[in-house]
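Q: need the 3D shape of this:
(chains A and B)
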Amino acid sequence: MAVGKYIKDVFGVVKSLATGMKRTLYYFFHHKEIITQEYPDNRDTLVLPERFKGEVVMPHDEKNEHRCTGCQACELACPNGTIKVITKFDMIDGKKKKAIDKLVYHLELCTMCNLCIEACPSDAIKMAQTFEHSVFDRNKLIKVLNNPGSKIMEGVE
Amino acid sequence: MWSFSEIANSIHEWLSKTFNPTWTLIFEMVIAGVAVIGLFALLGLVLVIMERKVSAWMQIRLGPNRVGPKGMLQSLADTVKLIVKEGLTPNGADKIMFNLAPFIAMIVAMLLLAPIAFAKNFQLWDLNIGVLYVSAVSSIMVISILIAGWSSNNKYSLLGAMRSGAQIVSYELSAGLSILAIVVLSGSLQVSDIINSQADGWWIFKGHIPAIIAFITFIIAVTAETNRAPFDLAEAESELTAGFHTEYSGMKFALFFLAEYVNVFIVCAIGATLFLGGWMPFHIGNWTGFNHAMDYIPSSIWFFGKTFFLIFVIMWFRWTFPRLRIDQLLNLEWKYLLPISMINLLLVTVMAILKWHF
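A: Residues are numbered from 1 along each chain as shown, chains lettered A, B, ... in the order given. Predicted structure coming up:
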């Protein structure tokens, strides 16, 4: 019925608006929940959200080994050509094996979209939370992610 | 004990002792003008910092916190910035109209201040049609917006001004009808009479549910009339850059900005006068002891307390609700607010005739 729906609409609107106003009034009186970080002042105690993404890094273990197989899935997944995987062939037990020579990462092109991390089949790269990236020379933003002399971890195919 | 009315009286006595009546009148007008301009400047500073702090806390942010103690001098710094900025007039603009529009906005705001009672016996002009005067003069505001939009020679400005015209013409109706509800209850258009009729309780309590409905429609309608979010379609930053004041800069922009805040203050003062008793302290019927205790708080504090409470409510709306689309805005007025306030006015009239109110 039209009149019934009209009255129901009015009360529904009033109720939903009141819910929103209750929420903002709660925030107004609870200043401890403030999420703003006063960044340069609290640089030492900065709390970043868990999903904050700063740059792509490749974790290495204590034996200088990484998990990258050189499959180039990240390079294919990247929408703007940020990652270049340069591969080489190692001779192991007389057999040729594909491995990475360099994993070049262009920070200046990266949009932190996280697609390379999701594409990686062996969890070799991840997002770090560092964010103070400003430099005076653009070339310093081109990074090689694997450490010099690093090898692939045992058992990662 | 000093009060606003005593200060005004002593100034008046001193002037009439020293000068003849004509010069007394002229000096009093000059003092009133200077006081009004001073009030506007003060209101601009206070309301801007209040708005920024309220918005920040409601959105779990910190707000301005660098200039002065806890950022309280931020609006002063902003004012200095706006004064030293260049007031540019675009080449294609209608120069006279373009420069006139912000002043019309300020003059309307000044005119609206005349019948407002700031404290007991402290009023610029207690004319016998005070409420009618307010609702008539407040619709001139739209002319300054239309002039600004048209003379800017900019499509965004024109669109914003046209929207503003449609919006203010629509919402005048329900604002007027909700004001009428109180006029019916108190039986007078004079501001001082309306306030005196609330000596035994404010209309929002004495008028039962119809008065509360009238109050809510009034608050919604004046939020729309002052072009504030969720009804800020005239400026609509996301669609029209800044609407009617896209082309304005420097002090001319600041005048529009100030006029918005002064208008918010004025409509809240009128709301406080009509529904919450103006400067009248909180009285309950015949409880003389309680009423006397309430009388010890000065009337100006009651008035400004109520007005700033209503300003807070309007800011609370702004920082909670998303902006309406233009068709939703007009639907809300013509399909919901107007029928509801018409039926409500009928109820109030029946109530006033049968003397059901306290």
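Q: please count neighbours and contacts with C-alpha atoms only from this point.
A: OK.
Q: show me which residues of chain A are close to chain B?
A: By the criterion of C-alpha under 8 Å from any C-alpha of the partner chain, the positions of chain A lying close to chain B are A:10, A:17, A:20-21, A:24-25, A:27-29, A:31, A:33-36.
Q: as TSV, those residues with pLDDT, distance to residue B:275 and secondary structure would be great.
A: Shown next, in TSV, are the residues of chain A next to chain B (pLDDT from 0 to 100; distance: C-alpha to C-alpha, whole Å; DSSP: H, G, I helix; E, B strand; the rest coil):
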residue	pLDDT	distance to residue B:275	secondary structure
A:10	84	23	helix
A:17	88	22	helix
A:20	88	25	helix
A:21	87	22	helix
A:24	87	25	helix
A:25	87	23	helix
A:27	86	28	helix
A:28	85	26	helix
A:29	85	26	helix
A:31	78	32	helix
A:33	74	35	helix
A:34	75	35	coil
A:35	79	38	coil
A:36	80	39	coil
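Q: which of those sit farthest apart?
A: Greatest spatial distance in the residues of chain A next to chain B: A:10 and A:36, 36.6 Å, computed using C-alpha to C-alpha.
Q: strands of the chain, residue ranges please.
A: Since you didn't name a chain, this refers to chain A. Ranges of strands within chain A are A:55-57, A:65-66, A:83-92, A:95-106, A:126-128, A:142-144, A:151-152, based on DSSP state E.
Q: not what I meant, chain B
A: Chain-ordered strands for chain B, with DSSP E as the definition, fall at B:117-119, B:122-123.
Q: what's the closest of those strands to residue B:293?
A: That would be, of these and by C-alpha to C-alpha, strand B:117-119, which comes in at 17.7 Å.
Q: so how far is that closest one off the chain centroid?
A: Centre-to-centre, strand B:117-119 and its host chain are 14 Å apart (C-alpha atoms, centre = their mean, to the nearest Å).
Q: show me what it pairs with in its sheet, parallel or antiparallel.
A: When pairing is defined by DSSP bridges, strand B:117-119 lines up against strand B:122-123 (antiparallel).
Q: so who does the nearest residue to residue A:58 once chain neighbours are set aside touch?
A: Counting by C-alpha to C-alpha, 6 or more residues apart in numbering or on different chains, the nearest residue to residue A:58 once its immediate chain neighbours are dropped is residue A:125, at 4.5 Å. Contacts here follow C-alpha atoms under 8 Å, 6 or more residues apart in numbering or on different chains; on that basis residue A:125 touches A:56-59, A:68, A:117.
Q: I'd like the strands of chain B written out as a markdown table, with mean neighbour count and mean pLDDT added.
A: As requested, the strands of chain B are arranged in a markdown table below (neighbours: other C-alpha atoms under 10 Å in any protein chain shown; pLDDT from 0 to 100):
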| stretch | mean neighbour count | mean pLDDT |
| --- | --- | --- |
| strand B:117-119 | 22 | 81 |
| strand B:122-123 | 20 | 80 |
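Q: who wins for proximity to residue B:27 among the ones you listed?
A: Distances from residue B:27 to each of the strands of chain B were compared by C-alpha to C-alpha, and the smallest falls on strand B:122-123, at 16.6 Å.
Q: which residues sit against the closest one?
A: Counting by C-alpha under 8 Å, 6+ apart, the neighbours of strand B:122-123 from elsewhere in the structure are B:4-5, B:8, B:114-117.
Q: need the strands of chain A in CSV with mean neighbour count and mean pLDDT, can you?
A: Conversion of the strands of chain A to CSV gives the following (neighbours: other C-alpha under 10 Å; pLDDT from 0 to 100):
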stretch, mean neighbour count, mean pLDDT
strand A:55-57, 20, 88
strand A:65-66, 20, 84
strand A:83-92, 15, 81
strand A:95-106, 17, 82
strand A:126-128, 17, 88
strand A:142-144, 17, 87
strand A:151-152, 18, 78
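Q: can you redo those as JSON lines with distance to residue B:234?
A: JSON lines is the format used below for these (distance: least, C-alpha to C-alpha, whole Å):
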{"stretch": "strand A:55-57", "distance to residue B:234": "42"}
{"stretch": "strand A:65-66", "distance to residue B:234": "58"}
{"stretch": "strand A:83-92", "distance to residue B:234": "47"}
{"stretch": "strand A:95-106", "distance to residue B:234": "45"}
{"stretch": "strand A:126-128", "distance to residue B:234": "44"}
{"stretch": "strand A:142-144", "distance to residue B:234": "48"}
{"stretch": "strand A:151-152", "distance to residue B:234": "62"}
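Q: out of the ones you listed, flag the one nearest residue B:144.
A: strand A:55-57 (52.0 Å).
Q: so which elements touch that closest one?
A: Packing partners of strand A:55-57 (3 or more C-alpha pairs under 8 Å, 6 or more residues apart in numbering or on different chains; DSSP states H and E): strand A:126-128.
Q: packing partners for the strand it packs on?
A: Counting contacts by 3+ C-alpha pairs under 8 Å, 6+ apart, strand A:126-128 is packed against strand A:55-57.
Q: one more time with 10 Å
A: Counting contacts by 3 or more C-alpha pairs under 10 Å, 6 or more residues apart in numbering or on different chains; DSSP states H and E, strand A:126-128 is packed against strand A:55-57, helix A:115-119.
Q: residue B:169 touches residue B:139, doesn't it?
A: Yes. Residue B:169 sits in contact with residue B:139 when judged by C-alpha atoms under 10 Å, with a separation of 7.8 Å.
Q: residue A:136 is nearest to which of the strands of chain A?
A: Nearest of the strands of chain A to residue A:136, taken as C-alpha to C-alpha: strand A:142-144 at 12.9 Å.
Q: show me how far that closest one is from its chain's centre.
A: Relative to the centre of its chain, strand A:142-144 is centred 17 Å away, using C-alpha atoms, centre = their mean.
Q: what lies in contact with it?
A: A:56-58, A:82-85, A:101-109 (C-alpha atoms under 10 Å, 6 or more residues apart in numbering or on different chains).
Q: who's in contact with residue B:44?
A: Contacts for residue B:44 (C-alpha under 10 Å, 6+ apart) come out as B:38, B:50, B:75-76, B:79, B:254-255, B:257-262, B:265.
Q: ok, now with 7 Å
A: With contacts defined as C-alpha atoms under 7 Å, 6 or more residues apart in numbering or on different chains, the neighbours of residue B:44 are B:258, B:261.
Q: adding distance to residue B:204, write the contacts of strand B:122-123 out as CSV.
A: Below are these laid out as CSV (distance: C-alpha to C-alpha, whole Å):
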residue, distance to residue B:204
B:4, 26
B:5, 27
B:8, 31
B:114, 24
B:115, 21
B:116, 19
B:117, 19
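Q: between those, which sits nearest residue B:63?
A: Sorting the contacts of strand B:122-123 by distance to residue B:63 puts residue B:116 at the head of the list, at 32.2 Å, by C-alpha to C-alpha.
Q: tell me the pLDDT of that closest one.
A: pLDDT, the model's per-residue confidence, is 85 for residue B:116.
Q: repeat for residue A:60
A: The per-residue confidence score, pLDDT, reads 86 for residue A:60.
Q: go on, residue A:77?
A: pLDDT for residue A:77: 89.
Q: test my guess that it contacts residue A:117.
A: No. Under the criterion of C-alpha atoms under 7 Å, residue A:77 makes no contact with residue A:117, lying 9.1 Å away.
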